[in-house]
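Trainee: Pasted the sequence and its predicted model underneath.
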Amino acid sequence: MQFEEIKNIISDKIGSSAIIKEDAAQLQPQLTVDQKFLLSICRELHVNPSLYFDYLSCITGIDNGPEKGTMEVIYHLYSIPFNHHFILKVELQRTIDALPSAPSVTSIWKTADWHEREVYDMFGIKFEGHPDLRRILLPADWEGYPLRKDYKQQEYYHGIKVEY
Amino acid sequence: MMNDESKLSSHSLLVIRNSTLEMSLLDTKFGQGGIIITGVDEVINWARLSSLWPMGFGIACCAIEMMSTYTSGYDLDRFGIFPRPSPRQSDVMIVAGTVTFKMADRIKRLYEQMAEPRYVVSMGSCSNCGGPYWQHGYHVVKGVDRIIPVDVYVPGCPPRPETLIGGFLKLQEKIRKESLVEPKAIEKLMQKKTEV
Ligand code: SF4
């Protein structure tokens, strides 16, 4: 199934207001949606018998930097029986005092559990409704989120100098 | 050298001076119940350097090369080197790979659990100095010598098995020069200095 058709199903079932932007010209077309509707869109993509996106290939985080003030979370979906792909994107405000947050999709795809933990670990994006949101790669007492554009590594970790 | 001395085999006393014991000693018969006289240092050092048991663990790609060094092709066994599953039974720790900060605490703990005398071989650029992660690797300890003392550094990314064997030969050299004898000369010198 093509990008257009999947997009039309989403706007039929969820409403066209859920779609913020589409980027169909790219090699991998992607749909930016309102994060308020993310969970219901994902559920629809998962259960709709003509779509049946049963596999969440990857979740990616992006930091657009403090100037732009936004962060993104990208979901790569795949349907094993139909062999079609789809890319969903949500844009978050890069808040300073609190961590930006997106809804967790762990209730739909179990595999999202570790993917979301990785995005949390590297970008400091919270996932509301995640069952166990801890750092996955770095130690629990690490300071900061390394893949953020304005990341400064700490000087010492447990008394060991971090700088070369 | 040993050949000359084994001519003494008819005597019950075999004197080995200024030398390390060699395995050929066991190939030749020398009478009944011989006695060997040698230095304490020499015999202890010989025992230590001939059975270096490394702790069996690896932390990154270098460990692959370490494992192939253990295989029959390179045969570390011939030096008396074979891995042990516990720090309590190990004499030497091969730090084979990237030491992350998360791993650093564990490595330090394992090192402390080893009985003395204990030695550390740092294998590969990563554990020598941070390797390819020296600049942007926020998560990598820039050299395992920031957490534990290192005896031998083996260069390479990764070092070939021959290089690791070379590292062990260097370590053996180092152990061969160790001494349990109290350094009296230095103490005397220090005393003189304080007297002045
Ligand atoms: S030194 Fe090279 S081969 Fe060894 S652990 Fe580091 S990156 Fe891997």
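Mentor: Done, it's in.
Trainee: Quick check, the residue in chain A closest to the ligand?
Mentor: A:Y164 (14.6 Å; C-beta to the nearest ligand atom). Heads up, the C-betas are built off the backbone N, CA and C, glycines and all.
Trainee: That residue contacts B:Y138, correct?
Mentor: No. Look at A:Y164 against B:Y138 with C-beta atoms under 8 Å: they stay out of range, at 10.7 Å.
Trainee: more neighbours, those two?
Mentor: Higher neighbour count among A:Y164 and B:Y138: B:Y138, with 19 against 13, using other C-beta atoms under 10 Å in any protein chain shown.
Trainee: what residue is smack in the middle of chain B?
Mentor: Geometric centre of chain B, nearest residue: B:L171, 4.2 Å, by C-alpha atoms, centre = their mean.
Trainee: Please identify the helix or strand for that residue.
Mentor: helix B:161-176 (DSSP states H and E).
Trainee: what's the answer for A:E22, then?
Mentor: Residue-wise, A:E22 maps onto strand A:19-23 under DSSP H and E.
Trainee: Whichever helix or strand comes after that strand pairs with which strands, and in what direction?
Mentor: Note on strand A:19-23: by DSSP H and E, the next helix or strand toward the C-terminus is strand A:30-33. Under the criterion DSSP bridges, strand A:30-33 sits next to strand A:19-23 (antiparallel), strand A:84-93 (parallel) in its sheet.
Trainee: What pairs with the helix or strand just after the last one, parallel or antiparallel?
Mentor: Downstream of strand A:84-93, the first helix or strand assigned by DSSP H and E is strand A:101-103. Here strand A:101-103 has these sheet partners by DSSP bridges: strand A:126-128 (parallel).
Trainee: now the partner strand: how far from the chain's centre is it?
Mentor: Relative to its chain's centre, strand A:126-128 lies at 10 Å (C-alpha atoms, centre = their mean, to the nearest Å).
Trainee: Following the chain past that strand, name the next helix or strand.
Mentor: Strand A:126-128 is succeeded, C-terminally, by strand A:156-157 (DSSP H and E).
Trainee: Run through the neighbouring helices and strands of the helix or strand just after that next one.
Mentor: The helix or strand immediately downstream of strand A:156-157 is strand A:160-161, counting by DSSP H and E. The contact analysis (3 or more C-beta pairs under 8 Å, 6 or more residues apart in numbering or on different chains; DSSP states H and E) places strand A:160-161 against no helix or strand.
Trainee: neighbouring contacts of strand A:160-161?
Mentor: A:155, B:101, B:104, B:141-142, B:146-147 (C-beta atoms under 8 Å, 6 or more residues apart in numbering or on different chains).
Trainee: Show me which residues of chain B are close to the ligand?
Mentor: By the rule C-beta under 6 Å from any ligand atom, the part of chain B lying against the ligand is B:60-62, B:97-98, B:124-126, B:131-132, B:157-158.
Trainee: If we use 8 Å, what do you get?
Mentor: Residues of chain B that fall close to the ligand, judged by C-beta under 8 Å from any ligand atom: B:59-65, B:96-98, B:123-128, B:131-133, B:156-159.
Trainee: Can you tell me which of those are buried?
Mentor: B:59-63, B:65, B:96-98, B:123-128, B:131, B:133, B:156, B:158-159 (16 or more other C-beta atoms under 10 Å in any protein chain shown).
Trainee: residues contacting the closest residue to chain B within chain A?
Mentor: Chain B sits closest to A:Q153 of chain A, with a gap of 4.2 Å, by C-beta to the nearest C-beta. By C-beta under 8 Å, 6+ apart, A:Q153 lies in contact with A:144, A:146, A:162-163, B:138.
Trainee: can I get these in TSV with pLDDT and distance to A:V105?
Mentor: Output for these, formatted as TSV (pLDDT from 0 to 100; distance: C-beta to C-beta, whole Å):
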residue	pLDDT	distance to A:V105
A:G144	93	26
A:P146	95	24
A:V162	93	34
A:E163	92	38
B:Y138	94	29
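Trainee: Tell me the pLDDT of residue 159.
Mentor: I'll assume chain A. A:G159 carries a pLDDT value of 93.
Trainee: Actually, chain B is the one I wanted.
Mentor: 96.
Trainee: Test my guess that it contacts B:C126.
Mentor: No. Taking contacts as C-beta under 8 Å, B:P159 lies outside contact range of B:C126: 10.9 Å.
Trainee: Mind listing the shared neighbours of these two?
Mentor: B:C62.
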